[in-house]
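J.: I'll drop the sequence and a predicted model, then ask my questions.
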Amino acid sequence: MHRNLHAESLELRLAEVRDLLGDRLRGQPTRAAFRTGDLTMCTLVPMRSVPHRVVCLVGLDDGSFPRGGGRDGDDLLLRARHVGDHDRRAEDRQLLLDAVLAATDALVITYAGRDVRTNEVAPPAVPVTELLEVIDATVRAADGRPARDLVRRDHPLHPSDRRCFDAGALHTVGPWSFDRLQLAGALAAVAPRVIVPGFFEGRLPAPVTGTGADPSVVLLEELVSFVQHPVKAFLRQRLGLSLWVDDDGPNDSLPIEVDGLGSWSIGDRLLSALLTGSDLDAACAAEFARGLLPPGALGQNVLDKARDKAAAIAAEAARVASGPRRSLEVDVALPDGRRVVGTVPDQIGDVVRFTTFSTIKPKVRIASWVRFLAAAASHRERALSSATVGWGRGAPEVARLPVLGATSDDRHARAVATLATIVDLRDRGLCEPLPLYTDTSQRYAVRARRGRPTALDDAAGTWTSTWTWAKEDKDPEHLLVLSGQRPFAEIAALRPAADESGPGWVADEDTRFGRLARRLWDPLLEAMDEVPAR
């Protein structure tokens, strides 16, 4: 037996602790304590038909009982049935009859009477319906009602329903429920609505130090993270709070399908391999070796789609710029004395190229823009342009940005001024969660620059989720700082702060959301308008 010398310092994730304790805390079968007066929990299996004063049958829902008798392709006995072979459905009916006959004083049967999603009436299991029909045929009610109405009780779906706490509402002398927590919920449901306070009010003081070791340094990747998701950057970079939870244990089952994120991960790895000069067949073989793909033709179909898409994007990226790939070291001095420091990858000749397996969404565009600004400001001697290669509508797509100026001084001045504006927005975003949401703000800025009077309505459509599409109003970070899902009208009602005016701010915008959106996106949209027609 090997002893782990570092066991005292080993950190376990929640999923690992759950697996470790699962076997030790699992219930163990014990000897049945029949006729002792104790509560006996058991399944509907033979030899459970011992008489009891009260017998409770729980969960006899339609579709759950009796057990299904579907064919199993590996069961050879099902191919030729004979008298005496097991019939699960008939056996379950017999077990139900045994349990009914075992009740001496009372019989309680429960089932889900309403759909948990739509609240529509749901029937019980077929044997329970037959039992009710027998009751109707056997007993007559004095007032002419069906006899089943005398024995059936409809309970609300939610334990916090007020009927659970009204005496006599559910055919009991007193209240049905005794749960104080659910009682508090029932009282809150009928009480006057209280406005939930926000995540916090006001602003935090400006950070005394930067996020790095040197307070005068702004890391480029942190700046990129901010423009991609300002609220998430506030939670992570200022409060050290992450809403990402990794408590899922490893999946031991054989995969038969790949979800959207899994398909994207496969394609992204293939694309990265192609961009680094790896052999595509070898990269595909490595994907199969990972064990994440379904077996056989199922996995091959997923891999072929990802392969074709990655190959098309890589080919388009090669047409945009070909040659040795290098990384540019960035060190930009800002007017306030701070420096933006980082690395910009994939510089080929005078083109700063960004390649992604995803579609070129606003988060991709704004991240490419910030990296391009840092490269142009730090290497003024080079007339750098930018190209972002991704996936469009069924084909590769390229988003280009031109050289920022005719001379080195012009390029440097424009890049530094724009970077300083973005750093200023980040400074504000580290003091409070700004009403600046990437997809929604980009949509608004594009429409507002074109002079469309429906810009706010267009932004509301980008913000508000539908039944089938969760948008930015359901983002976990936004739900946290806004204390729930908020309509866009509440965001558009916020007025600009006192220090959100002057040079660089669009004075015509009378909403805080609009001013922040235009300040972030206008420089990029202006550069996009300068791209020459091809």
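T.: Yep, that arrived.

J.: Show me the longest helix that occurs in the protein.
T.: Scanning the chain for the longest helix, with DSSP state H as the assignment, gives helix 296-320.

J.: Can you name every helix or strand that it contacts?
T.: helix 260-275, helix 280-290, strand 351-359, strand 385-391, strand 396-401 (3 or more Cβ pairs under 8 Å, 6 or more residues apart in numbering; DSSP states H and E). C-beta coordinates here come from the backbone N, C-alpha and C atoms, glycine included.

J.: repeat that with 10 Å
T.: Packing partners of helix 296-320 (3 or more Cβ pairs under 10 Å, 6 or more residues apart in numbering; DSSP states H and E): helix 260-275, helix 280-290, strand 339-348, strand 351-359, strand 385-391, strand 396-401.

J.: okay, the ones you listed in CSV with distance to Arg140 and mean neighbour count next?
T.: Compiled in CSV, the helices and strands packed on helix 296-320 are given as follows (distance: least, Cβ to Cβ, whole Å; neighbours: other Cβ atoms under 10 Å):
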stretch, distance to Arg140, mean neighbour count
helix 260-275, 59, 18
helix 280-290, 69, 14
strand 339-348, 84, 19
strand 351-359, 69, 19
strand 385-391, 71, 22
strand 396-401, 75, 18
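
J.: Out of the ones you listed, which is closest to Asp510?
T.: strand 396-401 (30.3 Å; Cβ to Cβ).

J.: Can you list the strands that that closest one pairs with?
T.: strand 385-391 (antiparallel) (DSSP bridges).

J.: Could you check the longest helix of the chain and say which residues are buried?
T.: Of all the residues in helix 296-320, those buried under the rule 16 or more other Cβ atoms under 10 Å are 299, 302-303, 306-307, 309-310, 313-314, 316-318, 320.

J.: Could you tell me the model confidence score at the closest residue to Arg152 other than its chain neighbours?
T.: Counting by Cβ to Cβ, 6 or more residues apart in numbering, the nearest residue to Arg152 once its immediate chain neighbours are dropped is Leu132, at 7.3 Å. The per-residue pLDDT reported for Leu132 equals 92.

J.: can I assume Leu132 sits in a helix?
T.: Yes: remark: Leu132 belongs to a helix, assigned using DSSP: H, G, I helix; E, B strand; the rest coil.

J.: contacting residues for it?
T.: If you count contacts by Cβ atoms under 10 Å, 6 or more residues apart in numbering, Leu132 has them with Ile109, Pro124, Pro146, Ala147, Arg148, Asp149, Val151, Arg152.

J.: Quick check: the last one vs Arg53, distance?
T.: What that stands for is Arg152. 21 Å (Cβ to Cβ, to the nearest Å).

J.: One more: the first one?
T.: Taken as Cβ to Cβ, the spacing of Ile109 relative to Arg53 amounts to 16 Å.

J.: Check the fourth one too.
T.: Taken as Cβ to Cβ, the spacing of Ala147 relative to Arg53 amounts to 23 Å.

J.: neighbour-wise, which of those two wins?
T.: Neighbour count, other Cβ atoms under 10 Å: between Ala147 and Arg53, Ala147 has more, with 16 against 9.

J.: Wait, the more buried one touches Leu131, no?
T.: No: using Cβ atoms under 10 Å as the test, Ala147 is too far from Leu131 to be in contact (11.5 Å).

J.: Endpoint to endpoint, stretch 348-365 covers what distance?
T.: 19 Å (Cα to Cα, to the nearest Å).

J.: Quick one: closest of the helices and strands packed on helix 296-320 to Asp23.
T.: Of all the helices and strands packed on helix 296-320, helix 280-290 sits nearest to Asp23, with 28.4 Å by Cβ to Cβ.

J.: And the next helix or strand past the longest helix of the chain?
T.: Note on helix 296-320: by DSSP states H and E, the next helix or strand toward the C-terminus is strand 326-333.

J.: Quick one: distance of that following strand to the chain centre.
T.: Between the centre of strand 326-333 and the centre of its host chain there is 34 Å, according to Cα atoms, centre = their mean, to the nearest Å.

J.: quick one: that strand to strand 351-359, angle?
T.: Calculated by axes from the mean of the first three to the mean of the last three Cα atoms, to 10 degrees, strand 326-333 forms an angle of 110 degrees with strand 351-359.

J.: Adjacent strands (with direction) for strand 326-333?
T.: By DSSP bridges, strand 326-333 pairs with strand 339-348 (antiparallel).

J.: Just checking the distance from the partner strand to the centre of its chain.
T.: With Cα atoms, centre = their mean, you get 31 Å for strand 339-348.

J.: Most distant residue from the centre of this structure?
T.: Ala142 (56.4 Å; Cα atoms, centre = their mean).

J.: Show me where the stretch 101-250 of the chain has its helices.
T.: For the stretch 101-250 of the chain, helices defined by DSSP state H, counting those that start in this stretch occupy the ranges 126-138, 148-151, 180-190, 220-228, 230-233.

J.: Can I get those in CSV including distance to Asp19?
T.: Formatted as CSV, the helices of the stretch 101-250 of the chain follow (distance: least, Cβ to Cβ, whole Å):
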stretch, distance to Asp19
helix 126-138, 38
helix 148-151, 45
helix 180-190, 30
helix 220-228, 33
helix 230-233, 30
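
J.: Tell me which of these lies nearest to Ala376.
T.: When these are compared by Cβ to Cβ, helix 220-228 sits nearest Ala376, at 12.9 Å.

J.: quick check: angle from the closest one to strand 326-333?
T.: Using the same axes, to 10 degrees: helix 220-228 against strand 326-333 is 80 degrees.

J.: Which strands and helices lie in contact with helix 220-228?
T.: helix 230-233, strand 326-333, strand 339-348, helix 362-378, helix 408-429, helix 512-529.

J.: and those as JSON lines, adding mean pLDDT and distance to Glu397?
T.: Formatted as JSON lines, those follow (pLDDT from 0 to 100; distance: least, Cβ to Cβ, whole Å):
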{"stretch": "helix 230-233", "mean pLDDT": "96", "distance to Glu397": "25"}
{"stretch": "strand 326-333", "mean pLDDT": "93", "distance to Glu397": "24"}
{"stretch": "strand 339-348", "mean pLDDT": "93", "distance to Glu397": "17"}
{"stretch": "helix 362-378", "mean pLDDT": "96", "distance to Glu397": "11"}
{"stretch": "helix 408-429", "mean pLDDT": "95", "distance to Glu397": "24"}
{"stretch": "helix 512-529", "mean pLDDT": "95", "distance to Glu397": "14"}
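
J.: would you turn these into a markdown table with distance to Val17?
T.: Formatted as a markdown table, those follow (distance: least, Cβ to Cβ, whole Å):
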| stretch | distance to Val17 |
| --- | --- |
| helix 230-233 | 27 |
| strand 326-333 | 40 |
| strand 339-348 | 37 |
| helix 362-378 | 35 |
| helix 408-429 | 36 |
| helix 512-529 | 43 |
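
J.: of all these, which lies closest to Leu482?
T.: Closest among these, using Cβ to Cβ: helix 230-233, at 8.9 Å.

J.: Kindly format the C-alpha coordinates of that closest one as CSV.
T.: Provided in CSV are the C-alpha atoms of helix 230-233 (Å, rounded to 0.1, in the frame of the first residue of the first chain):
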residue,chain,number,x,y,z
PRO,A,230,-18.4,44.4,-17.3
VAL,A,231,-20.6,43.0,-14.4
LYS,A,232,-18.7,39.7,-14.2
ALA,A,233,-15.4,41.7,-14.2
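
J.: Show me what that helix is packed against.
T.: helix 220-228, helix 408-429, helix 438-449, helix 476-481.
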